[in-house]
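Sequence and predicted structure below; questions after.
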Amino acid sequence: MAQVLKNKEIPQLESWGLLAALFALEFIAYLIFYFSRKAFFPSLPIDFLDFEVKVFTYLSIFLFCMIRYGKITFEELLPTRKDILLLSIAVVIILWIFGLFIGPERIRNPRHEIFKSFAPLYYWFSLFIVVGLAPFFEEAIFRRYFLEIQHQYYSTSTSVLITAGVATLFHFDSSENLIAILLWTFFIQTVFGLLYVKGRLVVSVLAHMFVNGLVMLLSK
């Protein structure tokens, strides 16, 4: 892996503080939204603006990372032939494993069910956030910054697994089919990490977009 961070030596504790700040900021944002909704818009569904709140918190941490650790270059977002080949292989593997974990049935996704009850404009806007914006910010934070910092202290494989484990915890929001969901999430986060280290940021972002789109497409 090439050195892409402008800081040569970043304290490891700082990287964990970064994720703690992400969690805390998201928690505070949800609290503000919850009490504002309760006071001024009690009829508003609880899941309304759910992803918008999450993206706002990720955007805030992403901007901090760019200032602190260095900007993402335009070249990192332009796929090469190698990137396209890696992505193609990953898509085949993801579809195969997805079938093993999830099966042919449609996924019960309560958030998607609520989205469909909203106005069409908001529904498509939410899909754009889930499939377009969220994967970019998540890959930038977890792979481009957090994984790179871990790689200053651990081997590539260990850094990938640590990042996958942390990202899995951040995506844990359902108790249904707990073991299958955790295994699937950890597997897919590991794939994103491998794609990042074998290719570039654009590969993991595109793979993440594909997975999110697949989940939303197959949601009830």
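Nice, thanks for sending it over. Here the structure is a predicted model, which is why all the values come from computation and not from measurement.

give me the low-pLDDT residue ranges for this structure?
Filtered on pLDDT under 70, the chain yields the residue ranges 1-2, 44-49, 100-119, 173-178, 219-220.

Which stretches in it count as helices?
12-40, 50-69, 81-101, 110-115, 120-128, 134-139, 148-151, 156-170, 178-198, 201-217 (DSSP state H).

Of all the ones you listed, which one is nearest residue 4?
With C-beta to C-beta as the measure, helix 148-151 is the member of the helices of the chain nearest residue 4 (6.0 Å). (Each C-beta comes from the backbone N, C-alpha and C, glycine too.)

list the helices and strands that closest one packs on?
When contacts are defined as 3 or more C-beta pairs under 8 Å, 6 or more residues apart in numbering; DSSP states H and E, helix 148-151 sits against helix 12-40, helix 156-170.

What I need now is the ones you listed written out in CSV, including distance to residue 201 and mean neighbour count for each item.
Conversion of these to CSV gives the following (distance: least, C-beta to C-beta, whole Å; neighbours: other C-beta atoms under 10 Å):
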stretch, distance to residue 201, mean neighbour count
helix 12-40, 17, 14
helix 156-170, 13, 18
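
do you know which of the ones you listed lies nearest residue 75?
helix 156-170 (20.9 Å).

excluding its backbone neighbours, what's nearest residue 54?
Once flanking residues are discounted, residue 54 sits nearest to residue 26: 6.3 Å by C-beta to C-beta, 6 or more residues apart in numbering.

Go ahead and confirm that neighbour touches residue 55.
No - Residue 26 is beyond contact range of residue 55, at 10.1 Å (criterion: C-beta atoms under 8 Å).

give me every residue that touches the residue nearest to residue 66 when sequence neighbours are not counted.
Spatial nearest neighbour of residue 66, chain neighbours left out: residue 72 (6.9 Å); criterion: C-beta to C-beta, 6+ apart. Residues counted as contacts of residue 72 (C-beta atoms under 8 Å, 6 or more residues apart in numbering) are 66, 140, 144, 201.

Can you select the buried ones from those in ChimeraX?
This is how ChimeraX selects the buried members of the contacts of residue 72, with burial counted by 16 or more other C-beta atoms under 10 Å:
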select :140,144,201
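
Could you dump the contacts of residue 72 into CSV with distance to residue 155 added?
CSV is the format used below for the contacts of residue 72 (distance: C-beta to C-beta, whole Å):
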residue, distance to residue 155
66, 26
140, 22
144, 18
201, 20
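
Please report how far the closest residue in space to residue 208 that isn't next to it in sequence lies from residue 53.
Leaving aside its sequence neighbours, residue 208 sits nearest to residue 135 (C-beta to C-beta, 6+ apart; 3.5 Å). Remark: distance between residue 135 and residue 53 (C-beta to C-beta, to the nearest Å) = 17 Å.

of those two, who's got more company?
Taking neighbours as other C-beta atoms under 10 Å, residue 135 and residue 53 compare with residue 135 leading, 22 against 17.

I figured the more buried one was touching residue 213, is that so?
No - the criterion here is C-beta under 8 Å, and residue 135 misses it with residue 213 at 9.2 Å.
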